[in-house]
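Q: return atomic coordinates for the entry below.
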Amino acid sequence: QVQVEESGGGLVQAGDSVMLSCVVSGRRTFDKYAMGWFRQVPGKEREERECVATINYSGDTTYYTDSVKGRFTISRDNAKNTVYLQMNNLKPEDTAVYYCGVSPFGGTTTDVYVDWGKGTLVTVSS
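A: Predicted structure coming up:
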């Protein structure tokens, strides 16, 4: 059984930095999967989940949505079955539940992700 667990969220102030972690267990071939970080504003539906960043299986190709470019960095450690999201210079509009997804193909839409965690809430106060 695959389990995906995010951690690292919390209440921070604008301008602060936070690192999110996502550990995947139950997938022996973690290094064959792309990973993505998505965020969902409380009160919105899962279909409105926004892709924040993705990383390919080897870690040498990444994608960022425009609003986080230059502030967020996605990385992965395949030896630890873990993907990270370093978030710097946080803004109130970054407030959301952040979800980690596992995809055999990669992409920016939720339908290509086969495993999800339960999310971790990041709240940025002004």
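
Q: can you tell me how far residue 76 is from residue 110?
A: Counting by Cβ to Cβ, to the nearest Å, the gap from residue 76 to residue 110 is 19 Å. The way it works is simple: take the backbone N, C-alpha and C, and place the C-beta from them, glycine included.

Q: which of the two has more neighbours?
A: residue 76 (23 against 19; other Cβ atoms under 10 Å).

Q: pretty sure the more buried one contacts residue 59?
A: Yes. In this structure, residue 76 sits in contact with residue 59. The criterion is Cβ atoms under 8 Å, and the distance is 4.9 Å.

Q: spell out for me which residue occupies the centre of this structure.
A: The central residue of the chain, meaning the one whose C-alpha is nearest the mean C-alpha position (Cα atoms, centre = their mean), is residue 37 at 2.1 Å.

Q: that one sits in which helix or strand?
A: Remark: residue 37 resides in strand 34-40, with elements defined by DSSP states H and E.

Q: following element in sequence after that strand, please.
A: Read in the C-terminal direction, the helix or strand following strand 34-40 is strand 50-55, with elements assigned using DSSP H and E.
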